[in-house]
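Engineer: Predicted model and sequence below, questions to follow.
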Amino acid sequence: MKVSFINPVLSSILNVLSTMAHIEPKVGIPRRKDKNEIVQGRNITGVMNMVGRKGNASIALTFSEAAILHIASEMFHSEITMIDGMVIDLVGELANMVLGGAKSELEKGGYFFQLSLPTIILGCDYLIAHKTNAPIITLPFTMLEGEFVVEAGYEEVGNYIH
């Protein structure tokens with residue numbers, strides 16, 4: 001995957017969390033994800049696809065229960081203690097904001113995409129099926145209250161029209 005694709009996603013998640021929730025998570029070391037890797041533990045994931053003339057992408061934001069409850073508490077300025085409809089909607093909105101910010105940066109580099117609506121997955125020990133054949137890069141983030149992961153894959157489409 002091109003760094004020119006993943007860097008806007010990375011900077012967008014950091015921008016969204018620092019602006020909206022006043023949280024500055026620590027970025028871990030990126031790695032390539034195995035296609036059959038299961039998300040371990042109780043988590044919530046927002047998955048979105050980006051389709052463009054030059055290529056297609058798949059992005060997933062996966063939050064541990066502790067992480068999303070902390071983020072929700074900070075964003076809503078009240079103690080959130082359980083994942084409910086409001087928190088599920090928040091995960092979809094976070095995915096929209098992160099991809100919207102990344103999309104703006106990518107357009108500066110000539111990459112134009114249409115974004116899908118987010119799909120939300122909530123549960124324990126599940127597989128995220130990305131709609132791309134590209135390798136998936138996993139970027140882990142940590143904060144005192146929990147961890148979350150951003151997964152991204154981008155594949156160029158051959159013979160695109162300029």
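Structural biologist: Structure's in. What do you need?
Engineer: and residue 124, which of the three is it?
Structural biologist: Classification of residue 124 using DSSP: H, G, I helix; E, B strand; the rest coil returns strand.
Engineer: measure it to residue 95 for me?
Structural biologist: Distance of residue 124 to residue 95, given as C-beta to C-beta, to the nearest Å: 20 Å. To be clear about C-beta, it is placed using only N, CA and C from the backbone, and glycine gets the same treatment.
Engineer: Could you report the pLDDT at residue 162?
Structural biologist: Confidence at residue 162, expressed as pLDDT, is 43.
Engineer: which stretches of the protein aren't confidently modelled?
Structural biologist: Along the chain, the parts satisfying pLDDT under 70 run over 1-3, 158-162.
Engineer: for it, what spans make up the helices?
Structural biologist: Taking DSSP state H, the helices of the chain run over residues 3-21, 65-76, 85-108.
Engineer: could I get those helices as JSON lines with mean neighbour count?
Structural biologist: Output for these, formatted as JSON lines (neighbours: other C-beta atoms under 10 Å):
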{"stretch": "helix 3-21", "mean neighbour count": "18"}
{"stretch": "helix 65-76", "mean neighbour count": "19"}
{"stretch": "helix 85-108", "mean neighbour count": "18"}
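Engineer: Of those helices, which is nearest residue 153?
Structural biologist: Among the helices of the chain, helix 3-21 comes nearest to residue 153, with 9.1 Å by C-beta to C-beta.
Engineer: returning to that earlier point: need the helices of the chain in CSV (columns: distance to residue 51).
Structural biologist: Listed next are those as CSV, based on distance: least, C-beta to C-beta, whole Å:
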stretch, distance to residue 51
helix 3-21, 14
helix 65-76, 27
helix 85-108, 11
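Engineer: Now residue 112. Nearest residue, chain neighbours left out?
Structural biologist: Spatial nearest neighbour of residue 112, excluding adjacent residues (C-beta to C-beta, 6 or more residues apart in numbering): residue 52 at 5.3 Å.
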